[in-house]
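A.B. asks: mind folding the following:
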Amino acid sequence: MTETKAFDNDKYLAEQASFILERADRNEKLYLEFGGKLLWDYHAARVLPGYDPNVKMRLLARLKDRAEVVLCIHAGDIERKKLRGDFGITYDADALRVVDELAEWGVGVAGVVITRFDEQPAAVQFRTRLERFGVPVFTHRFTKGYPNDVDLIVSPEGYGANAYVPTTKPIVVITGPGPGSGKLATALTLLYHDRMAGRPAAYSKFETFPVWNLPLKHPVNVAYEAATAELGDFNCVDPFHLEAYGAVSINYNRDVEVFPVLSRMLQRMGTGQIYKSPTDMGVNRIATGIVDDEACKEAARQEVIRRRFRIAGEYALGIADTATLNRVDAIMESLDASCLDRRVVTPAREAAMEAAAGRKGHDGIFCGAAIELKDGRIITGKNSSLFHAASAVVLNTSKLLAGIPDTIHLLPPVVTESIRTLKLHVLERKSESLNLDEALVALAVSAAMNPAAQAAMEALKQLKGCELHLSHFPGPGDEAGLRNLGLNATSDATFAGKDIPIK
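C.D. replies: Residues are numbered from 1 along each chain as shown. Just a heads-up that it's a prediction; the model follows:
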């Protein structure tokens with residue numbers, strides 16, 4: 001797919017900052033719940049071409065004189081070692097990284113709140129680690145009465161039983177590494193304490209998706225449903241907004257379902273906030289940054305296809321259930337999308353079949369891979385006794401980008417033979433074939449003695465944001481290399497074995 005800029009970050013930032021400040025000016029303290037990812041929001045970047053994955057951090061940097069952050073993380077996620085899929089790191093590691101990044105951007109962190117805390121050993125260890133780094137840590141237990149007993153929730157035994165996080169700036173951003181981190185409960189706990197102490201305070205929500213002022217079935221909104229398929233979220237017309245204003249706006253089911261209770265909580269606290277709908281609570285202006293709607297539609301459609309491959313893989317591995325797979329299949333059907341609409345899929349599968357037909361794989365295993373560059377060119381690779389398919393396609397592509405003839409070898413025999421000896425005779429591996437992580441290290445070593453390898457290595461940066469498909473599940477070494485290169489990778493839900501890995 002040819003690269004297109006469909007989103008204007010500067011236009012969006014100006015509008016978004018202005019709208020948040022306007023909302024904040026109505027109150028002495030605004031608790032702003034930030035949904036989605038604060039940093040490295042690659043889902044948004046994929047469905048809105050040109051969107052800066054760190055634009056929310058740039059927004060906070062603009063507001064840093066008036067804003068600070070409270071970071072939430074669910075104790076159960078720490079205990080279960082829940083992973084952030086796009087980086088393959090745990091939520092607690094991601095939280096630590098966010099704290100560091102906020103400091104680098106000059107945005108203050110008032111503290112970290114461990115939510116639904118119940119002395120879980122891993123959560124206790126995480127708290128100790130943060131405290132030794134000098135980060136203020138607070139623990140909140142399960143809120144009594146939640147979700148329906150408003151009188152108990154909004155009482156000293158409910159929100160009042162949880163610790164207050166002291167803040168000094170008028171805008172307090174409540175964020176977390178992922179859904180279910182306890183952001184809403186934390187925001188309302190702090191709001192409750194302020195109101196009980198006679199301090200004026202209010203609540204609003206910043207949620208990127210679904211986009212409230214795009215149509216319900218707009219592919220950008222549909223892609224959000226695919227991204228949260230395992231949660232069962234779905235988009236809907238905000239019935240409260242429709243009734244109050246006669247206008248259509250889009251929200252998602254959980255916000256609509258919780259609105260009556262949330263509205264009663266705010267009234268019970270005496271905030272004076274009269275929100276007529278979940279849409280009224282929001283401050284998001286993301287649609288103002290869209291400058292090419294058709295490009296966003298196609299990008300979102302492609303993202304749904306990528307999600308389908310991911311969920312099919314998780315289903316094969318026993319991670320996703322049948323309901324999740326069926327849900328994303330229904331989403332695909334609603335967009336009239338097919339897996340073959342992803343341009344790299346067929347070339348990758350054909351490469352595997354060609355390898356099998358020519359018996360050119362390795363040890364009876366035949367795998368294929370394909371990369372689509374931003375100018376639309378497609379390059380393929382096959383596995384061999386020397387390389388995994390992912391390694392082959394990346395090296396082939398780097399040679400093409402660097403203008404190196406296909407006949408020139410990037411890795412000298414002395415390097416590959418040394419690695420082969422290490423893998424087979426020292427580490428006692430069954431195969432000497434280099435996964436992508438190993439191939440990248442070998443390329444870096446070769447670059448010190450080979451100008452062609454140096455040129456190929458420097459060309460690798462052009463792969464960021466390109467599309468890749470594998471005819472088989474990537475191993476850990478391939479997966480790490482693909483992630484480090486920034487490729488949008490998918491694979492068939494098939495293990496590399498001695499049969500043709502095609503379905």
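A.B. asks: how near is the nearest residue to Arg301 once chain neighbours are set aside to Val237?
C.D. replies: Nearest non-adjacent residue to Arg301, counting by C-beta to C-beta, 6 or more residues apart in numbering: Pro219, 5.0 Å away. Using the backbone N, CA and C atoms, a C-beta is placed for each residue, glycine as well. Going from Pro219 to Val237 by C-beta to C-beta, to the nearest Å gives 17 Å.
A.B. asks: more neighbours, these two?
C.D. replies: Counted by other C-beta atoms under 10 Å, Pro219 and Val237 do not tie: Pro219 has more neighbours, with 25 against 14.
A.B. asks: distance between the ends of stretch 317-326?
C.D. replies: End-to-end span of stretch 317-326 (C-alpha to C-alpha, to the nearest Å): 16 Å.
A.B. asks: does the residue nearest to Arg301 touch Ile305 like I think?
C.D. replies: No. Contact status for Pro219 versus Ile305: not in contact, 10.9 Å apart, counting by C-beta atoms under 8 Å.
A.B. asks: now for the protein, the helix or strand with the poorest mean pLDDT.
C.D. replies: Ranked by mean pLDDT, DSSP states H and E, the weakest helix or strand in the chain is strand 83-84, scoring a mean of 74.
A.B. asks: list the contacts of Asp293.
C.D. replies: Ala6 (C-beta atoms under 8 Å, 6 or more residues apart in numbering).
A.B. asks: quick check: Pro210 is in a helix.
C.D. replies: No. The assignment for Pro210, made by DSSP: H, G, I helix; E, B strand; the rest coil, is coil rather than a helix.
A.B. asks: would you mind measuring from it to Val237?
C.D. replies: Counting by C-beta to C-beta, the gap from Pro210 to Val237 is 11 Å.
A.B. asks: between these two, what contacts are shared?
C.D. replies: 250-251.
A.B. asks: helix/strand/coil for Thr346?
C.D. replies: helix.
A.B. asks: right, and it touches Cys339 too?
C.D. replies: No. If you go by C-beta under 8 Å, Thr346 and Cys339 don't touch, sitting 9.6 Å apart.
A.B. asks: who's more crowded, these two?
C.D. replies: Cys339 (17 against 14).
A.B. asks: that one touches Arg307, doesn't it?
C.D. replies: No. Under the criterion of C-beta under 8 Å, Cys339 makes no contact with Arg307, lying 11.1 Å away.
A.B. asks: which residues of the stretch 151-300 of the chain fall in helices?
C.D. replies: 183-196, 219-227, 239-245, 253-269, 278-281, 293-316 (DSSP state H, counting those that start in this stretch).
A.B. asks: can you give me how far the fifth one is from the chain middle?
C.D. replies: Here helix 278-281 shows a centroid-to-chain-centroid distance of 24 Å under the convention C-alpha atoms, centre = their mean, to the nearest Å.
A.B. asks: what segments of the stretch 301-450 of the chain are strands?
C.D. replies: 368-372, 378-382 (DSSP state E, counting those that start in this stretch).
A.B. asks: so which of these comes closest to Leu460?
C.D. replies: strand 368-372 (11.5 Å; C-beta to C-beta).
A.B. asks: what pairs with the closest one, parallel or antiparallel?
C.D. replies: strand 378-382 (antiparallel), strand 467-470 (antiparallel) (DSSP bridges).
A.B. asks: Arg129 is nearest to which of those?
C.D. replies: Closest among the strands paired with strand 368-372, using C-beta to C-beta: strand 467-470, at 35.9 Å.
A.B. asks: next structured bit after the closest one?
C.D. replies: As assigned by DSSP states H and E, the chain's next helix or strand after strand 467-470 is helix 476-485.
A.B. asks: helices or strands up against that following helix?
C.D. replies: Contacts defined by 3 or more C-beta pairs under 8 Å, 6 or more residues apart in numbering; DSSP states H and E place helix 476-485 against helix 389-402, helix 436-447, strand 488-491.
A.B. asks: number of nearby residues for Gly76?
C.D. replies: Neighbours of Gly76 (other C-beta under 10 Å): 18.
A.B. asks: name the helix or strand for it, please.
C.D. replies: Going by DSSP H and E, Gly76 is in helix 75-80.
A.B. asks: that helix packs against which elements?
C.D. replies: Using 3+ C-beta pairs under 8 Å, 6+ apart, helix 75-80 sits against helix 91-104, strand 108-115, helix 121-132.
A.B. asks: can you count the residues close to Pro121?
C.D. replies: Using other C-beta under 10 Å, Pro121 has 9 other residues around it.
A.B. asks: before we move on, back to that, between the helices and strands packed on helix 75-80, which gets nearest to Ile174?
C.D. replies: Using C-beta to C-beta, these put strand 108-115 closest to Ile174, at 8.5 Å.
A.B. asks: parallel or antiparallel, list what pairs with the closest one.
C.D. replies: Going by DSSP bridges, the partners of strand 108-115 are strand 67-74 (parallel), strand 137-139 (parallel).
A.B. asks: of these, which approaches Ser181 most closely?
C.D. replies: Here strand 67-74 is closest among those (C-beta to C-beta), at 4.6 Å.
A.B. asks: and the closest one, how far from the chain's centre?
C.D. replies: 18 Å.
A.B. asks: among the strands paired with strand 368-372, which is the most enclosed?
C.D. replies: Across those, averaging neighbours per residue (mean count of other C-beta atoms under 10 Å) puts strand 467-470 on top, at a mean of 28.
A.B. asks: CA-only coordinates of that strand in PDB, if you can.
C.D. replies: Output in PDB follows, covering the C-alpha atoms of strand 467-470 (Å, rounded to 0.1, in the frame of the first residue of the first chain):
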ATOM      1  CA  GLU A 467       3.700  -4.800   5.800                       C
ATOM      2  CA  LEU A 468       4.900  -8.400   6.200                       C
ATOM      3  CA  HIS A 469       3.100 -11.800   6.100                       C
ATOM      4  CA  LEU A 470       4.500 -15.200   7.000                       C
END
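A.B. asks: tell me the mean pLDDT over that strand?
C.D. replies: What strand 467-470 shows for mean pLDDT is 98.
A.B. asks: can you tell me what sits against it?
C.D. replies: Strand 467-470 has contacts (C-beta under 8 Å, 6+ apart) with 1, 309, 342-345, 347-348, 367-372, 389-390, 393, 478, 482, 487-492.
A.B. asks: partners of the least confident helix or strand of the chain in the sheet?
C.D. replies: strand 89-90 (antiparallel).
A.B. asks: and the strand it pairs with, average pLDDT?
C.D. replies: 84.
A.B. asks: do stretch 268-286 as well
C.D. replies: 90.
A.B. asks: which residues sit against that stretch?
C.D. replies: 12, 15-16, 19-20, 23, 32, 48, 150-151, 154, 188, 191-192, 195, 201-208, 211-212, 238, 240-241, 244-245, 249, 251, 255-256, 259, 262-263, 266.
A.B. asks: just the buried members of those?
C.D. replies: 12, 15-16, 19-20, 23, 32, 48, 150, 154, 188, 191-192, 195, 201-208, 211-212, 238, 240-241, 249, 251, 255-256, 259, 262-263, 266 (16 or more other C-beta atoms under 10 Å).
A.B. asks: wait, doesn't Tyr192 sit right on Tyr159?
C.D. replies: Yes. The pair Tyr192 / Tyr159 is scored as a contact, 3.9 Å apart, by C-beta under 8 Å.
A.B. asks: quickly list the domain ranges of this structure.
C.D. replies: For the chain, automatic domain parsing gives the domain ranges 9-209+281-293, 297-339, 343-491.
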